[in-house]
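Trainee: Pasting the sequence and the predicted coordinates here, then a few questions.
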Amino acid sequence: MALNPAAKICVPTVSNTMETVSRPENECKLQFRYHVVNPCKEALSSRRLVIARTSASLLTVLTFNCGLTPLPVWAEPDDEKQDVQGAVGAIKSLFDPNEKTKSGKVLPKAYLKSAREVVKTLRESLKEDPKDIVKFRRTADSAKESIRDYLSNWKGQDKVAREKSYVELEKAIRSLASFYSKAGPSAPLPEEIKNEILNDLSTAEEFL
């Protein structure tokens, strides 16, 4: 069978697959079909593949050398739970009439506050220079006020009467009152008695 010289041959611009098409007149036509590839998409795909591989390699190195581990995804619920528990604990502590002391004893907050105020003001008064009359009088008045408030509320109270802090404070107050009742309200306090009272205050503070 002879080919027709006049048969048209398609230019291979749209196909890279050659097909033979039969015609009724026993003539053949060669066709070429191109699969057009977009160079931009191919380059983009290559870049993504390189980035993905690089990221995976970097993560592997960091995890191996630095000991990095993935962070927990759902950490918020635990944090919120702790916040709620902390808030509840703060509210309970606010309305709780008792408080744990340094020594671990649970005592009334009102007592602890009053006793601490006596320790603070009486110590300041004893350490103040008597020559500075204005400051000395101010600190002495504060000490008298705190002692008066403490005794009016807690003297002889069964809740605290056997506590070490109560015993030491009572001892300090009694020593001070005994001296001034004998020597007079304007007599200078001897260093020996002053040091004894300061030691009693320090001991009481350890149990508040």
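Mentor: Structure's in. What do you need? Numbers count the residues shown, from 1 in each chain.
Trainee: mean confidence for the helix or strand containing Y166?
Mentor: In the assignment (DSSP states H and E), Y166 maps to helix 164-183. Per-residue pLDDT values over helix 164-183 give a mean of 95.
Trainee: again with stretch 188-200
Mentor: Along stretch 188-200, the predicted confidence averages to a pLDDT of 95.
Trainee: If we go by neighbour counts, what in it is buried?
Mentor: The neighbour-count check on stretch 188-200 (16 or more other C-beta atoms under 10 Å) flags L189, K194, I197, D200 as buried. Every C-beta, even on glycine, is put in place using the N, C-alpha and C of the backbone.
Trainee: What's the local residue count around the closest residue in space to the first one that isn't next to it in sequence?
Mentor: Nearest residue to L189 in three dimensions, chain neighbours excluded: F179, at 6.5 Å (C-beta to C-beta, 6 or more residues apart in numbering). Counted with other C-beta atoms under 10 Å, the neighbours of F179 add up to 16.
Trainee: my guess is F179 contacts E196, does it?
Mentor: No. F179 sits out of contact with E196 when judged by C-beta atoms under 8 Å, with a separation of 10.2 Å.
Trainee: if you go through this protein in chain order, where are the strands?
Mentor: Secondary structure of the chain by DSSP state E: the strands cover 17-22, 28-33, 98-100, 106-108.
Trainee: about what we covered before: list the contacts of the residue nearest to L189.
Mentor: F179 sits next to A187, L189, P190, I193 when contact means C-beta atoms under 8 Å, 6 or more residues apart in numbering.
Trainee: In helices, which of the residues you listed fall?
Mentor: With DSSP state H as the criterion, helices contain I193 from among the contacts of F179.
Trainee: Make CSV out of the contacts of F179 and add distance to D149.
Mentor: Listed next are the contacts of F179 as CSV, based on distance: C-beta to C-beta, whole Å:
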residue, distance to D149
A187, 25
L189, 22
P190, 27
I193, 23
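Trainee: I'd like to know which of the contacts of F179 is nearest to R123.
Mentor: Here the nearest of these to R123, counting by C-beta to C-beta, is L189; it sits at 13.0 Å.
Trainee: quick one, phi psi at that closest one?
Mentor: Geometry field for L189 lists phi and psi as phi -80, psi 120, criterion degrees, to the nearest 10.
Trainee: got a list of what it touches?
Mentor: Taking C-beta under 8 Å, 6+ apart as the definition of contact, the neighbours of L189 are L126, L176, F179.
Trainee: The second one against I197, yeah?
Mentor: Yes. Under the criterion of C-beta under 8 Å, L176 lies in contact with I197, with a separation of 6.0 Å.
Trainee: what's the overlap in contacts for the two?
Mentor: Jointly contacting L176 and I197 under the rule C-beta under 8 Å, 6+ apart are L122.
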